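**Q** Need coordinates for the following:
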Amino acid sequence: MDGGGWFDGDLNGDFEVKRCLSSFVDEGRIESHRYYLARRTLLEMLRDRGYSIPALDIDISLQDFRSFYSQKPDPDRLRISAALRSDPSKKILVIFCGPDVVKVNAIRSIATQIVNKDSLSKLILVLQNHITSQALKAVDLFSFQVEKFQITDLLVNITKHVLKPKHRVLTDQEKNKLLKKYSLNEKQLPRMLQQDAIARYYGLEKGQVVKVIYNGEITGSHVTYRCVW
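**A** Alright, predicted model coming up:
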């Protein structure tokens with residue numbers, strides 16, 4: 001019995017397993033990975049809202065993201081600015097706040113940094129900590145709508161989850177056609193709260209209607225409509 005041969009084979013096999021497992025290990029900083037995932041979700045969100053977002057920006061790899069923004073990205077460099085495809089005069093700005101508590105001075109600083117405020121229709125703040133009540137009051141003074149997301153809520157795109165039904169936002173014309181077809185008013189439709197994760201993803205306003213498409217192995221395929229409240 002050749003004990004040496006058996007021992008060499010075991011070592012080689014163990015080496016192969018470790019080498020395979022190492023390919024799944026992220027040796028970079030968790031901080032940069034979080035920024036990468038959140039920024040990708042935001043780009044997908046803006047694209048799905050109808051903003052002009054280059055596919056190359058969404059498809060950037062984690063390695064290329066770290067090469068460009070470093071292992072410890074500066075939140076100011078992660079800003080996103082985009083215009084609606086249907087109306088380029090309507091623009092949105094995404095600002096990543098740092099890891100500290102967001103106080104009123106931080107909001108004032110953001111306000112002074114925003115140029116062409118008249119052309120800005122929306123602002124998204126990505127928070128990593130809580131925001132003080134005074135800072136919230138300062139946000140309310142902006143002349144444009146401000147949305148706030150925690151970075152942890154953006155690490156995964158919820159619309160891609162296999163258990164989530166497909167959602168499509170109806171145009172005003174499609175909504176009116178639906179209500180007329182079934183002789184309904186919007187209050188008779190099933191409700192979706194404006195705080196719902198899907199409503200927040202699409203930035204839906206009260207009164208907007210979404211078409212929800214279910215595809216289940218047991219229930220089969222069916223469609224329903226929900227109105228945002």
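**Q** Need phi/psi at the closest residue to E31 other than its chain neighbours.
**A** Using Cβ to Cβ, 6 or more residues apart in numbering and skipping the chain neighbours, the partner closest in space to E31 is K72 (6.0 Å). Every C-beta, even on glycine, is put in place using the N, C-alpha and C of the backbone. Dihedral pair for K72: phi -130, psi 80, per degrees, to the nearest 10.
**Q** K72 contacts R29, doesn't it?
**A** Yes: the pair K72 and R29 qualifies as a contact (Cβ atoms under 8 Å) at a distance of 6.2 Å.
**Q** Show me which of the two is the more surrounded one.
**A** A direct count of neighbours by other Cβ atoms under 10 Å for K72 and R29 places R29 higher, at 14 against 10.
**Q** Spatially, and excluding backbone neighbours, which residue is closest to the more buried one.
**A** Nearest to R29 is Q71, by Cβ to Cβ, 6+ apart, at 4.5 Å.
**Q** and if you look at S70?
**A** Closest residue to S70 apart from its sequence neighbours, by Cβ to Cβ, 6+ apart: S32 at 7.3 Å.
**Q** Which of the helices or strands spans that neighbour?
**A** helix 30-48 (DSSP states H and E).
**Q** can you check Q134 too?
**A** Using DSSP H and E, the element containing Q134 is helix 133-139.
**Q** Domain ranges for this protein, per the record?
**A** Following automatic domain parsing, one gets these domains for the chain: 30-156, 159-228.
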